[in-house]
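>>> Generate coordinates for the sequence data below:
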Amino acid sequence: KTRPVRRARVCDTPALAVAAFWGVMTEGGGEGGGVAFWAHIGGFLFGAAVALLLKVSGLETKVIAPAIEKKTAVVDEHLGDGLEKLQAGDFAGAVEELKIAAANEPDNPMAQSELARAYFKNGQKDLAQRQFKRAILLHIKQGKMENAVDQFVELQQEMPGMMLDVPQQKKLAVALEERAKALAQQASDPKAAEQGRAFFAHAASAYKQIAAHFQKQAGNFEHADAAAALRRYAELQLTALNNPAEAGKAYAALLKNTTLLPEERAVIEAK
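All right, here's what the predicted structure looks like:
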């Protein structure tokens, strides 16, 4: 059993009487005590006067409280309005509100990604892609790789084929693979195993995009990043996704790389 909480009784004694009593008790507290006493009383009366002035004038309600509320607001008002319009299907209106929110908070990945979503729903896919990239880059810059991975997966579902700049794409591919491995370790959970396979597929796709990027630019996979990405794509297809035919195609493409060392070529040929 717990004992009932004893509530403190609010003192009914007038504050000025208490202050006077306290002053009398401290009056004899050494030389200069009287001066200190009247200094405290002056401060007390000044504070009471200011409080009364704020109450009578309504300044606290009209000015101070709204200013504090605005300063401590968790969500930008334009972000909130934009989300409401997005949910209501007013995509053009959502874009306008979220553009302001994104400008107000340029380092807020949520504002950037919601603007991207509004652009996408409003049919402005090029702007959506640019904005999604910005949101993912902010997550990476802020060290929030989990959020970056989630954003990237969502982006791939809405805009297949879209990729980040190569350095960021490489980081995302590694993070996707790490998420997949973590889920795959939960062997007793069929749902986790299924999700792990899905993330392995996302990681493989991210690596393939890197290789394709260089192939499009140079017509081959001889750039170091292209070769490394294509090899990792083949490995995932072979070991994680049980797709040896696709892995074989990737290895065959790698064998065309004239920069391969003899030992590297032997390993790839064996696979």
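
>>> Residue 203 reaches residue 181, doesn't it?
No: under the criterion of CB atoms under 8 Å, residue 203 is not in contact with residue 181, lying 9.5 Å apart. Quick note: C-beta positions are derived from backbone N, CA and C, even for glycine.

>>> And these two? Which one has more around it.
Higher neighbour count among residue 203 and residue 181: residue 203, with 26 against 14, using other CB atoms under 10 Å.

>>> list the buried ones in stretch 120-136?
For stretch 120-136, the neighbour count (16 or more other CB atoms under 10 Å) marks 120-122, 124, 127-129, 131-136 as buried.

>>> So which residues of the stretch 151-271 of the chain form helices?
166-184, 190-218, 224-239, 244-254, 262-270 (DSSP state H, counting those that start in this stretch).

>>> Distance of residue 223 relative to residue 255?
Distance of residue 223 to residue 255, computed by CB to CB, to the nearest Å: 16 Å.

>>> I meant residue 162, not that one.
29 Å.

>>> the more surrounded of the two?
residue 162 (16 against 11).

>>> give me every residue that touches the more buried one.
Counting by CB atoms under 8 Å, 6 or more residues apart in numbering, residue 162 makes contact with 129, 132-133, 155-156.

>>> re the thing from before, including distance to residue 111 and mean pLDDT, could the helices of the stretch 151-271 of the chain go into JSON lines?
Formatted as JSON lines, these follow (distance: least, CB to CB, whole Å; pLDDT from 0 to 100):
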{"stretch": "helix 166-184", "distance to residue 111": "19", "mean pLDDT": "93"}
{"stretch": "helix 190-218", "distance to residue 111": "25", "mean pLDDT": "93"}
{"stretch": "helix 224-239", "distance to residue 111": "32", "mean pLDDT": "96"}
{"stretch": "helix 244-254", "distance to residue 111": "39", "mean pLDDT": "95"}
{"stretch": "helix 262-270", "distance to residue 111": "46", "mean pLDDT": "91"}
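
>>> Among those helices, show me which one is buried the most.
Greatest average neighbour count among the helices of the stretch 151-271 of the chain goes to helix 224-239 (a mean of 21), per mean count of other CB atoms under 10 Å.
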